[in-house]
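Asks: Below: sequence and its predicted model.
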Amino acid sequence: MCKKATATSERNPNEMGISHAPEAARSFGEFVDTIAALRRPDGCPWDREQTHASIASNMLEEAYEAVDTIEANDTEHLCEELGDVLLQVVLQSQIAADEGEFTIDDVCRAVNAKIIRRHPHVFGEAQAGDANSVLDIWDKIKLSERAQAAQDAATSGEAKGQKPESILASVPVSFPALMQAQKISRKAVAVGFEWDSVAHVWEKVHEEVRELQEAYARAPKSENGKMLKNTPEFHEAELEMGDVLFSLVNVARKMGIDAEGALRATCTKFRNRWEAMEDEAFDQGVQLEELPMEKMQALWDKAKAAE
């Protein structure tokens with residue numbers, strides 16, 4: 001069980017950023033020793049059998065569970081879920097150490113150095129007026145790191161005659177699509193591929209919407225209005241829909257909104273309203289699906305007004 005801290009009604013800025021390094025170092029060291037013991041010959045058979053690949057999905061699962069507790073504002077269980085995420089980090093690092101690849105110390109030293117390097121406004125002379133300025137600094141430093149790595153590779157002869165890696169290569173294709181789109185667009189912006197204003201991005205959105213509507217109009221459809229799949233027109237409309245979504249992600253980025261987080265919040269809001277509708281229908285002695293659309297709309301409006 002995680003120790004529950006004393007809750008305060010207001011956060012005191014002067015009490016933020018207090019280091020707990022001494023206690024953390026002791027507890028973290030004990031945890032690393034525990035995981036190492038699991039991998040010893042006389043340890044746990046299951047843990048000894050694991051590889052990077054065999055537990056890769058666990059990392060994603062535990063991260064999603066942590067996000068769920070964050071979005072539910074469940075700090076009591078967040079402590080536990082963060083521990084599960086940390087378990088994946090330490091176990092992956094122990095597997096790497098057993099294979100002679102790297103150790104948890106390498107992981108900590110590398111990420112610490114990276115954080116210091118990418119925060120020159122804290123550990124150097126750079127200035128950042130707000131959080132958005134920090135992101136601009138972060139992207140520029142990442143680009144300079146990439147350029148330096150390419151230069152080092154060329155100097156050593158490793159990259160002779162090789163095409164430089166794309167700036168988009170570091171964006172995992174396994175990311176959720178909205179997150180991937182926002183990351184891709186941020187990478188492009190970092191090298192100057194950017195609209196002048198939000199208004200210009202909105203013009204692009206309207207352009208893409210018109211193209212989607214035109215593609216839909218050309219496509220053969222069923223009686224219910226849905227396009228027939230496996231036709232050239234369907235695939236064209238599908239791509240146009242992707243363009244609409246991608247351009248809206250750029251609107252979000254330009255506004256400083258995280259598109260993935262915004263859509264997750266809307267999904268949560270819809271779930272809450274829907275459950276309220278179901279509860280109201282139950283109180284009326286009916287199933288929600290038995291009601292006509294106008295009555296469901298009335299329940300929706302009531303649930304919305306109650307927020």
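Replies: That came through, no problem.
Asks: Wait, a helix at Asp68?
Replies: Yes: under DSSP: H, G, I helix; E, B strand; the rest coil, Asp68 sits within a helix.
Asks: So it versus Ile55, what's the distance?
Replies: According to Cβ to Cβ, to the nearest Å, Asp68 and Ile55 sit 20 Å apart. For the C-beta atoms, the positions are set from N, CA and C on the backbone; glycine is no exception.
Asks: Dihedrals phi and psi, Lys221?
Replies: phi -130, psi 160 (degrees, to the nearest 10).
Asks: same question, Glu165
Replies: Per degrees, to the nearest 10, the backbone of Glu165 is at phi -70, psi 140.
Asks: residues near it, how many?
Replies: Other residues near Glu165 number 13, with proximity taken as other Cβ atoms under 10 Å.
Asks: list the contacts for it?
Replies: Arg146, Ala150 (Cβ atoms under 8 Å, 6 or more residues apart in numbering).
Asks: can you pull the pLDDT of it?
Replies: Looking at Glu165, its pLDDT is 82.
Asks: who's in contact with stretch 58-74?
Replies: In this structure, residues lying in contact with stretch 58-74 by Cβ under 8 Å, 6+ apart are 75, 77-78, 81-82, 84-85, 87-88, 92, 264-265, 268.
Asks: do stretch 202-210 as well
Replies: With Cβ under 8 Å, 6+ apart as the criterion, stretch 202-210 contacts Trp195, Glu240, Asp243, Val244, Ser247, Leu248, Asn250, Val251.
Asks: Filter those down to the buried ones and hand me the ChimeraX line.
Replies: If you want just the buried ones from the contacts of stretch 202-210 in ChimeraX, going by 16 or more other Cβ atoms under 10 Å, the selection is:
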select :240,243,244,247,248,250,251
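Asks: could you flag which of the contacts of stretch 58-74 are buried?
Replies: Leu78, Glu81, Leu82, Val85, Leu87, Gln88, Gln92, Arg264.
Asks: Show me those residues that map onto strands.
Replies: The members of these all map outside strands under DSSP state E.
Asks: Just to check, Arg117 is in contact with Lys140?
Replies: No: with contacts counted by Cβ atoms under 8 Å, Arg117 stays clear of Lys140, the gap being 11.9 Å.
Asks: Walk me through the domains of the chain.
Replies: Here the domain parsing of the chain from automatic domain parsing is 22-117, 177-257, 261-305.
Asks: In TSV: these, plus distance to Glu15 and mean pLDDT.
Replies: Below are these laid out as TSV (distance: least, Cβ to Cβ, whole Å; pLDDT from 0 to 100):
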stretch	distance to Glu15	mean pLDDT
domain 22-117	17	96
domain 177-257	27	96
domain 261-305	27	96
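Asks: looking at these, which is buried most?
Replies: Across the domains of the chain, averaging neighbours per residue (mean count of other Cβ atoms under 10 Å) puts domain 177-257 on top, at a mean of 15.
Asks: okay, how far is it across that one, tip to tip?
Replies: Taking Cα to Cα, to the nearest Å, the first and last residues of domain 177-257 lie 16 Å apart.
Asks: What is the distance between that domain and the centre of its chain?
Replies: 20 Å (Cα atoms, centre = their mean, to the nearest Å).
Asks: how about the helices of the stretch 51-200 of the chain, start to end?
Replies: Assigned by DSSP state H, counting those that start in this stretch, the helices in the stretch 51-200 of the chain fall at 56-71, 75-98, 104-117, 120-123, 131-156, 177-190, 198-218.
Asks: Tabulate those (TSV), appending distance to Gly256.
Replies: Converted to TSV, the helices of the stretch 51-200 of the chain look like this (distance: least, Cβ to Cβ, whole Å):
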stretch	distance to Gly256
helix 56-71	19
helix 75-98	25
helix 104-117	22
helix 120-123	18
helix 131-156	6
helix 177-190	11
helix 198-218	10
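Asks: For Lys304, which of those is the nearest?
Replies: helix 56-71 (19.8 Å; Cβ to Cβ).
Asks: got the angle for that closest one vs helix 75-98?
Replies: Counting by axes from the mean of the first three to the mean of the last three Cα atoms, to 10 degrees, helix 56-71 lies at 160 degrees to helix 75-98.
Asks: re earlier: quick check: the farthest pair among the contacts of stretch 202-210?
Replies: The widest separation within the contacts of stretch 202-210 (Cβ to Cβ) is 19.6 Å, between Trp195 and Glu240.
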